[in-house]
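Q: pasting the sequence and the predicted coordinates here, then a few questions.
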Amino acid sequence: MENLVQAALKTVNFYAIMPSVILVIFGMVLLLIGVFSKPGRTTHIAWIGIIGLICAAAATVSAWNGLAIKDIGIQFGFADQVAQDGFALFFNIIFIFSAALTILMSDDYLRREGYPINEFYSLILFATAGSMWMASATDMMTIFLGLEVLSVSLYVLAGFFYNDVRSNEAGLKYFLLGAFSTGFLLYGMALLYGVTGTTNLSEIGLILSSQHQAMLGNPMTIAGMLLLSTGFLFKIGVVPFHMWAPDVYQGAPTPITAFMSAGPKAAALAAFMRILLFSFAEMQVDWSALLWILAVLTMTIGNFMAVSQTNIKRMLAYSSITHAGYALVGLVAANYIGFSGILYYMLAYTFMNLGAFAVLVLAGKKGENNLTYEGLAGFGFKRPFLGVALSIFILSLMGMPPTAGFTAKFYIFAGAIKAEYIWLAVIGVLNSAVSLYYYLRVLVAMYFRDPQEDFAWVSMPLGAMVSIIISLVGVLYLGLLPERVMELARIAIF
Amino acid sequence: MVSIDQYLVLSAILFSIGTFGVLTRKNAIVIFMCIELMLNSVNLSFIALSNHLGNMDGQVFVLFIMTVAAAEAAVGMALIIAFYRNRDSIAVDDFNLLKW
């Protein structure tokens, strides 16, 4: 017994999960500070949360620098449950940015909507820590735990406005469907465990590749793979598992909608990529064929549903489904341009989407019934800075140069063409053209409609301004000087 | 002696019953119970396979699933109560405000 404990303690390596440990500690400290603060005062809590995220970012960067040093290198820990490699660290940065931008835009919004509650920030930090565990997990158990820490926090956040029926409904829908998909994910994991006798991703990969033919003939392997993929595709919001996304995105508090469409989506994509590459690398031809169909369906259906929306939050929800489809194109390509393209794409998407939502948070009235195309009539002239910012984010979502959206799509489609999926790239580009229609409607409403209102309620709080400016810098930097970040994304791929 | 096949078949049947219940039931709590049934059928699979394969990974996994399911139940019940307070109903037919 004594020896078992000692052997287990030897594998403990907190350095391998440092950024998430920092976030969890800060999350708990924020809960304590909230207890001793006056009710309704949350600004200081938000800023302490930002400090926590900066510390986590510092830990991530120092671990990244350590990767190149021979004695440090990739950190493994907890009996090969986690690996802090370049892939995990790059995704950590995406999660940290999405959490930080969300916290910055939230403070004033929560007060306006009448829910200035400090637990909001702790939950965002916990969700971010869960995302980090998913990205660095090398074992199905860790993936499951990270996924659940992330999901349970998000269920609460989606239903955070407890007196608002729409938020209740969003939270409950997300919870029921999320738990349902977790059931499928777990059943897939159980079947794979039954076939291979291990839960470690690389060991599963070794066993599947050494007995390739026998394994592929085993219905348990196929069923396990499909069920596992169902769970992940649900979280990413891929057609035909996307039905929850528009409802939840519309009903949830706006900053949480922004957060859900960037960070957690990237986390699910990261874990899915790692499983595909570590465990199912031998079956690349098979899953590429399956994902080809899903990518085309996702891009097309997301686009055509977005066209008919009148609510901008809901339109952005469908557009987020479409963007998940573009990211899948990189996964289908399955070469290093495609994979590093996904990393680049998720970072670019974080900036442009969170930036757009930050402007919408400011433009909304209490209750946010005015976030329709008509509600934004003349917004660009009444509020010039916010108008220009929103235009840049929308242009980036379209994929116009010189913004981040263009370079990101460029890399993804370049990967598809390199892998000779010409038609996939063509369908992707055609879909981008369709998306012009509904994105341009936002610009038309802002600049070519006479203002119905004076937008006097739009204030410019410090946090939201910082968040918009960071997003603007990110979108333009990734658009104008893509080489450096692309190089980092390329190093990050295993 | 019960063989591994019988455990796995039972688990698959329980999982299917759970899935069917989620898709057909109208009451949010009953749906949630069906989801719990699905998770527990997975637990049964894991334990049977762990015993069959002779390693402990599956049993450790079950402990994690049970812990997480408890946490999830707490959050789920809270959401159901919040919804009930505002709508006086927990029928999924009343989840009808968000539509296009």
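A: Looks like it arrived, so ask away.
Q: could you use CA atoms for every contact and neighbour count after this?
A: Fine.
Q: list the contacts for B:Gly76?
A: B:Gly76 makes contacts with A:Leu172, A:Phe175, A:Leu176, as judged by Cα atoms under 8 Å, 6 or more residues apart in numbering or on different chains.
Q: what do you get for A:Ile103?
A: A:Ala46, A:Gly49, A:Ile50, A:Tyr121, A:Ile124, A:Pro255.
Q: now do the phi/psi pair for A:Asn200.
A: phi -80, psi 130 (degrees, to the nearest 10).
Q: sorry, slip of the keys, the one I care about is A:Thr138.
A: Main-chain dihedrals, A:Thr138, degrees, to the nearest 10: phi -120, psi 20.
Q: same question for A:Gly77.
A: According to degrees, to the nearest 10, A:Gly77 has phi -160, psi 170.
Q: got the contact list for it?
A: Neighbouring residues of A:Gly77 by Cα under 8 Å, 6+ apart: A:Thr11, A:Val12, A:Asn13, A:Phe14, A:Ala16, A:Ala83.
Q: and the pLDDT for the first one?
A: Note on A:Thr11: pLDDT of 80.
Q: that one contacts A:Phe78, correct?
A: Yes. With contact taken as Cα atoms under 8 Å, A:Thr11 and A:Phe78 are classed as touching, separated by 4.8 Å.
Q: once you drop chain neighbours, what's closest to A:Ala258?
A: Closest residue to A:Ala258 apart from its sequence neighbours, by Cα to Cα, 6 or more residues apart in numbering or on different chains: A:Leu354 at 5.4 Å.
Q: tell me how far the one you found lies from A:Leu472.
A: Distance from A:Leu354 to A:Leu472, counting by Cα to Cα, to the nearest Å: 10 Å.
Q: and the two? Which one has more around it.
A: A:Leu354 (29 against 22; other Cα atoms under 10 Å in any protein chain shown).
Q: okay, and that one sits in which element?
A: Per DSSP states H and E: A:Leu354 is located in helix A:336-363.
Q: pretty sure the residue nearest to A:Ala258 is touching A:Phe259, no?
A: Yes. The criterion here is Cα under 8 Å, and A:Leu354 meets it with A:Phe259 at 7.2 Å.
Q: now do the shared contacts for the two.
A: A:Ser98, A:Thr102.
Q: show me where the stretch 101-250 of chain A has its helices.
A: For the stretch 101-250 of chain A, the helices defined by DSSP state H, counting those that start in this stretch cover A:119-136, A:140-158, A:165-196, A:201-210, A:212-216, A:219-236, A:244-251.
Q: rank those by pLDDT, which is bottom?
A: helix A:212-216 has the lowest average pLDDT among the helices of the stretch 101-250 of chain A, namely a mean of 71.
Q: run the chain-centre distance for it.
A: Relative to the chain's own centre, helix A:212-216 is displaced by 34 Å; criterion: Cα atoms, centre = their mean, to the nearest Å.
Q: residues of the helix or strand containing A:Phe90 that come out buried?
A: In this structure, A:Phe90 sits in helix A:86-113 according to DSSP H and E. By neighbour count on 16 or more other Cα atoms under 10 Å in any protein chain shown, the buried set for helix A:86-113 is A:86-111.
Q: what does chain A have sitting close to chain B?
A: A:141, A:145, A:148, A:152, A:155-156, A:159, A:162-166, A:168-169, A:171-173, A:175-176, A:179-180, A:183, A:186-187, A:190-191, A:193-194, A:197-199, A:247, A:250-251, A:309 (Cα under 8 Å from any Cα of the partner chain).
Q: derive a PyMOL selection command for the buried subset of the residues you listed.
A: A single PyMOL command selects the buried members of those (16+ other Cα under 10 Å):
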select buried, chain A and resi 141+145+148+152+155+156+159+162+164+165+166+168+169+171+172+173+175+176+179+180+183+186+187+190+191+193+194+197+198+199+247+250+251+309
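Q: for chain A, what are the nearby residues on chain B?
A: B:22, B:31-32, B:35, B:38-39, B:42, B:45-46, B:49-50, B:53, B:55, B:57-58, B:61, B:64, B:68, B:71-72, B:75-76, B:79-80, B:82-83, B:86-87, B:95, B:97-100.
Q: and the buried ones among those residues, selectable in PyMOL?
A: To isolate the buried ones among the residues of chain B next to chain A in PyMOL, judged by 16+ other Cα under 10 Å, type:
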select buried, chain B and resi 22+31+32+35+38+39+42+45+46+49+50+53+57+58+61+64+68+72+75+76+79+80+82+83+95+98
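Q: returning to what we had before: just send the contacts of A:Ile103 back as a markdown table, with neighbour count too.
A: Listed next are the contacts of A:Ile103 as a markdown table, based on neighbours: other Cα atoms under 10 Å in any protein chain shown:
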| residue | neighbour count |
| --- | --- |
| A:Ala46 | 23 |
| A:Gly49 | 25 |
| A:Ile50 | 21 |
| A:Tyr121 | 27 |
| A:Ile124 | 25 |
| A:Pro255 | 25 |
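Q: just give me the neighbour total for A:Ser210.
A: 12.
Q: then A:Leu440?
A: 15.
Q: what helix or strand does it sit in?
A: helix A:422-448.
Q: who are the packing partners of that helix?
A: helix A:284-307, helix A:312-333, helix A:379-382, helix A:384-398, helix A:404-418 (3 or more Cα pairs under 8 Å, 6 or more residues apart in numbering or on different chains; DSSP states H and E).
Q: quick one: closest of these to A:Met134.
A: Nearest to A:Met134 among the helices and strands packed on helix A:422-448 is helix A:312-333; the distance by Cα to Cα comes to 17.7 Å.
Q: in contact with A:Asp454, which residues?
A: With Cα under 8 Å, 6+ apart as the criterion, the residues that contact A:Asp454 are A:Lys382.
Q: looks to me like it is in a helix.
A: No. Counting by DSSP: H, G, I helix; E, B strand; the rest coil, A:Asp454 is not part of a helix but coil.
Q: what separation is there between A:Tyr373 and chain B?
A: Going from A:Tyr373 to chain B by Cα to the nearest Cα, to the nearest Å gives 15 Å.
Q: and the pLDDT at that residue?
A: pLDDT, A:Tyr373: 87.
Q: isn't it right up against A:Leu443?
A: No. If you go by Cα under 8 Å, A:Tyr373 and A:Leu443 don't touch, sitting 9.2 Å apart.
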